[in-house]
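> Using only what follows, build the 3D model:
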Amino acid sequence: MSEKRWVTFDCFGTLVDWRHGIATGIELVAPAKGRQLLDVYNRHEPEVQRDHPGMRYSDVLTEALKRTSAEARLDLVEDDFRVLAAGIPFWPVFPDTREALRDLQASGWNLALLTNCDRVIIGETQRRLQVQFDAIVTAEDSGAYKPARNHFEYFEKSLGVTRDNWVHVAQSYFHDMVPASELNITRVWINRLNEGGDPSIAHAVRPDLSDLAATVDQVHRKFNG
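Coordinates of the predicted model:
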C-alpha cells in the first residue's frame, strides 16, 4: 500500500470558477440572462448526470443547457447548446488556487483531482491550473458522477491509497462533502458561497483556499494521528 500523503480536489467550483464560466457562456447565446439562469442550470446539471451516468461531461453541459433553455423558453439554435463545452478550457482559475496547490506540494503532499468532467476537458483545464497533478480521476474513468462514491473508490483502489494519508478538499457540500463523509475520508469544505449545510460534516471549513496547506496539515494530524 502507498505511504504517500494525498490531497484530492474537486476541480470546478473549488479551483476553477464554475459559476462564472456557466453564466458567461449562457450570456454569449442569451445576453443578459447568464446570472439569471445560473441557478436554473445548476438544478438541471445534476439531474442530467444522475439520468446519464455514462455521458461525457461535454455532452452533460449541452443537455443541461438544453433543459435550461426549454424551461426559460429561450429561442436558441442547436449550435448554441455547445457554447459551454466550447468555453470550458477558458474558465478562470480562482486567484488563490495556484499558490495553495504549490504550497501543498512544497509541504510534501501529492495532489489529485476527482472531477466530474471527462479526460479531454480536464486536459485542457490543466494548462490554466499550471500545477502538475500526480493523479486524476474523471467521471469518464469512474463511470459515474459525484455524489456517487465511484470517484473516491476508484482513486483509493487504483493507487492503493490509505485513508489515514488522505484529505479531500472541495467546495460542493452535495457533490463532495456528503460522499466523503459517508466514506469517512478526512475532508476540508471550501465554502466559497457561504452555503447552508451542517458545517460539522467537515473536519474544517474555510471560505477560500488561503492557508490551505496549514489547514490540511492540521486536520491530518488531528484526525489521523
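> Could I get the contacting residues of Trp18?
Phe12, Trp91 (C-beta atoms under 8 Å, 6 or more residues apart in numbering). C-beta coordinates here come from the backbone N, C-alpha and C atoms, glycine included.
> That one and Val7: what is the separation?
To Val7, Trp18 is 20 Å away according to C-beta to C-beta, to the nearest Å.
> Check Pro89 too.
When distance is defined by C-beta to C-beta, Pro89 is 24 Å away from Val7.
> Which one's more surrounded, those two?
Each of Pro89 and Val7 has its neighbours counted (other C-beta atoms under 10 Å); Val7 has more, 24 against 15.
> what about the more buried one, which SS state?
strand (DSSP: H, G, I helix; E, B strand; the rest coil).
> Name all residues that make contact with it.
Contacts of Val7 by C-beta under 8 Å, 6+ apart are Leu104, Trp109, Asn110, Leu111, Ala112, Trp166, Val167, His168, Val169, Val216.
> can we see that at 7 Å?
Taking C-beta atoms under 7 Å, 6 or more residues apart in numbering as the contact definition, Val7 lies against Leu104, Trp109, Leu111, Val167, Val169, Val216.
> and what of Leu38?
Leu38 is in contact with Arg19, Ile22, Ala23, counting by C-beta under 7 Å, 6+ apart.
> Would you format those as TSV with neighbour count and secondary structure included?
TSV is the format used below for the contacts of Leu38 (neighbours: other C-beta atoms under 10 Å; DSSP: H, G, I helix; E, B strand; the rest coil):
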residue	neighbour count	secondary structure
Arg19	19	helix
Ile22	26	helix
Ala23	17	helix
